[in-house]
Structures are given as C-alpha cells and as structure tokens.
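[1] what's the 3D shape of this:
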Amino acid sequence: VVSIGTWVQGSKETENSTAIVGNWMDLGGRGVDTAWDYFDQPAVAAAIAAHGVNRKDVFITTKIPACVGKGEAAKLVDADLKQLNTQYLDLVLVHMPLGFDCDGTWAALEEALQANKTRSIGVSNFRKSNLESLLKKATVVPAVNQIGYSVFGHNDSSRI
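    This is a model prediction of the structure:
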C-alpha cells in the first residue's frame, strides 16, 4: 500500500492535513499515514469522509508516540479510533523506541490486535537492537518497521 503522510509543521496543521488527504483521495490514493502526535486525526477523518470512500477501501496507519506503557498505549489506541472515526485501524505503530516501557506498550498493541481494534501492528524507527529486545517478550512479531528514508535524510551505513 502506498500511503500519504499527513505530518505538517506550522500553524495550519489541520488545514494542511485536510488538503493533503483530500488531494490524495482525488488522485485515487487510499493509504493514509498519520499519528496521534501529529494532532490532525480528526481532520484526516473528515477528509476521508468528505470523499465518500468506503472504509474497507482505505488503509489507515497511525502511530502512538513512543514506549508509553501498557495502560497509556491502550488509551491512545482507543483515542485514535475515536479521532479517526473508525471501528478499526489497519496498522498501529510504536512511533519510536523511546520511553520507559516498550514491552508493556507492545503488549497493549497485541491486545488491540486480539480485540480487532487493529488489523496489524508494527514499529517505526526501531534499530536492530530495539527489535531484538522487543522480540524477547513479544508474542506477535511486528508486521512493519517503518523507517524514514528519503533524498533529504538517510544513513547509508546503518543496518536495521
């Protein structure tokens, strides 16, 4: 799935996110990548709804900010569902391996998967050592490790 990212910087985040998603939908795009800490999920949901696309035809990826612990991660998944006005998410990622409880955070995502709140779970910006640590207690292997890589930012010498 090719997705459009909705992160923008500046004072018009919501307006820009609505335009980004709207233009993407107009072009036939059906994958949307957002995050709780982009503060744009209600605008993303409104843009999707305005285009009248069936939910089953849109792939929604969102991220919880970091390793926030089991209880907080569960609350964030529920908040994502509400903000994105959907019964389920297609992919929920742990945005980065920072924080105090990656194991608890991952356990919450595994429970969200079991409860059909999301169809898949994964991580973002994790290095090999982060993944190795996570996999020691995980019962579900991350479906994705989303990493940033572009002409403007990449590390050719890093190993994931």
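
[2] below-threshold pLDDT in this protein: ranges please.
    Applying pLDDT under 70 to the chain picks out residues 9-14, 150, 154-160.

[3] now the lengthiest strand in it, how far from the centre of its chain.
    Identified as the longest strand of the chain according to DSSP state E is strand 59-64. Here strand 59-64 shows a centroid-to-chain-centroid distance of 3 Å under the convention Cα atoms, centre = their mean, to the nearest Å.

[4] that strand - contacts with which helices or strands?
    Using 3 or more Cβ pairs under 8 Å, 6 or more residues apart in numbering; DSSP states H and E as the contact criterion, the neighbours of strand 59-64 among helices and strands are strand 31-33, helix 70-83, strand 91-94. Using the backbone N, CA and C atoms, a C-beta is placed for each residue, glycine as well.

[5] need the winner for burial among those.
    Among these, ranked by average contacts under mean count of other Cβ atoms under 10 Å, first place goes to strand 91-94 (a mean of 26).

[6] by contact count, what packs against whatever helix or strand comes next after that strand?
    Where DSSP states H and E defines the elements, the next helix or strand beyond strand 91-94 is strand 99-101. Contact here means 3+ Cβ pairs under 8 Å, 6+ apart; on that basis strand 99-101 packs against strand 67-68.

[7] rewinding a little: could I get the helices and strands packed on strand 59-64 as a markdown table with distance to residue 122?
    Converted to a markdown table, the helices and strands packed on strand 59-64 look like this (distance: least, Cβ to Cβ, whole Å):
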| stretch | distance to residue 122 |
| --- | --- |
| strand 31-33 | 12 |
| helix 70-83 | 13 |
| strand 91-94 | 5 |
